[in-house]
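[1] Okay, sequence plus prediction incoming.
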Amino acid sequence: MADVRSIVRGPAGAVLNLVCVVLIAVLPSCSGEQPARDPQTDIDPQANATLAGRNKSLPCLACHGAEGISDYDAWPDLAGQKAEYLAKQLRDFRDGRRQDPWMSPMAIVLDDQDIDDLAVYFSRIDGLSGGPDSVPQPATVCVACHAARSGEANPLWPSIAGQNRRYIAKQLGDFRAGRRTDPIMAPLAGGLTDQDIETLAAFYAGT
Ligand code: HEC
Ligand code: HEC
């Protein structure tokens, strides 16, 4: 359909043009042009999510460290973790499928947009990666999904190489005891001894 301004001529058209001149400040579509793109924030949707996530991440930094690297060995690093995995965990905490006295209250206030923004932000910071190459006996079954070095195929299989040792050990204990549930991890952790858990945590932490 032709622009209405090209159809309406004469005084009525002049008025309409005047209205458009007034509206142009608030209604960019009036001019038929796209709103100006801010190169800082409008590069692509992922970049917008990263910026939004950074702004929303302030309450997280007390426990997960500035830039998503936790100072405390029992709490997880988030930097470099896969976005899909982070988002799933945040929804699990928010909806009560995963529980933790520190983390659950933090997640309860997040909406879906917050979760997606935070997940993209933390996933884009340099972090979890590396880890040793030689695999100790109890880890041979694990590396199918958690490669010794990051780069596993499935976005919902977390990177754990380089994660904090006591945090990994606690998660394996939680899966084994049924405090944290997952149809894949629970049976795998069920057969681990305390010694296996220590060996695996040290292996993946690289300590
Ligand atoms: C008061 C401390 C605290 C604050 C603040 C906090 N967290 Fe956590 N978070 C934790 C703890 C502790 C865990 C590990 C819980 C467990 O052992 O299962 C955790 C776990 C997580 C996990 C799961 C990581 C994984 O590898 O599975 C994500 C994701 C997460 N937090 C994101 C956030 C985000 C995003 C914020 C800010 C909105 C935040 N946290 C604020 C303490 C905190
Ligand atoms: C078939 C794939 C698969 C195998 C094999 C596997 N895992 Fe997992 N692992 C997963 C998935 C999926 C999750 C995420 C569960 C969730 O969403 O809560 C997970 C989560 C974890 C976590 C929690 C990470 C975090 O950031 O909280 C640890 C630690 C872990 N696995 C260690 C191991 C170890 C050690 C082994 C070997 C004994 C192993 N996994 C074998 C798929 C696997």
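    Perfect, thanks for sending it. Ligands and ions are numbered 1, 2, ... in the order given.

[2] can we go C-alpha only for contacts and neighbour counts from here?
    OK.

[3] got the contact list for the residue of the chain found nearest ligand 2?
    At 3.4 Å from ligand 2, Cys142 is the closest residue in the chain, using CA to the nearest ligand atom. By CA atoms under 8 Å, 6 or more residues apart in numbering, the contact set of Cys142 is empty.

[4] which element is it on?
    Per DSSP states H and E: Cys142 is located in neither a helix nor a strand.

[5] before we move on, what about Leu110?
    Using DSSP H and E, Leu110 sits in no helix or strand.

[6] To what extent is it buried, counted in neighbours?
    Using other CA atoms under 10 Å, Leu110 has 16 other residues around it.

[7] Over to Lys88?
    15.

[8] Secondary structure element holding it?
    helix 83-95.

[9] Show me what that helix is packed up against.
    For helix 83-95, the helices and strands in contact under the criterion 3 or more CA pairs under 8 Å, 6 or more residues apart in numbering; DSSP states H and E are helix 104-108, helix 112-123.

[10] for those helices, which one sits closest to Phe175?
    helix 104-108 (17.3 Å; CA to CA).

[11] what separates the closest one from the chain centre, distance-wise?
    15 Å (CA atoms, centre = their mean, to the nearest Å).

[12] go on, stretch 62-74?
    In terms of CA atoms, centre = their mean, the centre of stretch 62-74 is set 15 Å apart from its chain centre.

[13] Around ligand 2, which positions in the protein sit nearby?
    Within the chain, the positions adjacent to ligand 2 are 139, 141-142, 144-145, 156-158, 160, 168, 171-172, 182, 184-185, 188-189, 200 by CA under 6 Å from any ligand atom.

[14] repeat that for 5 Å
    142, 145, 157, 168 (CA under 5 Å from any ligand atom).
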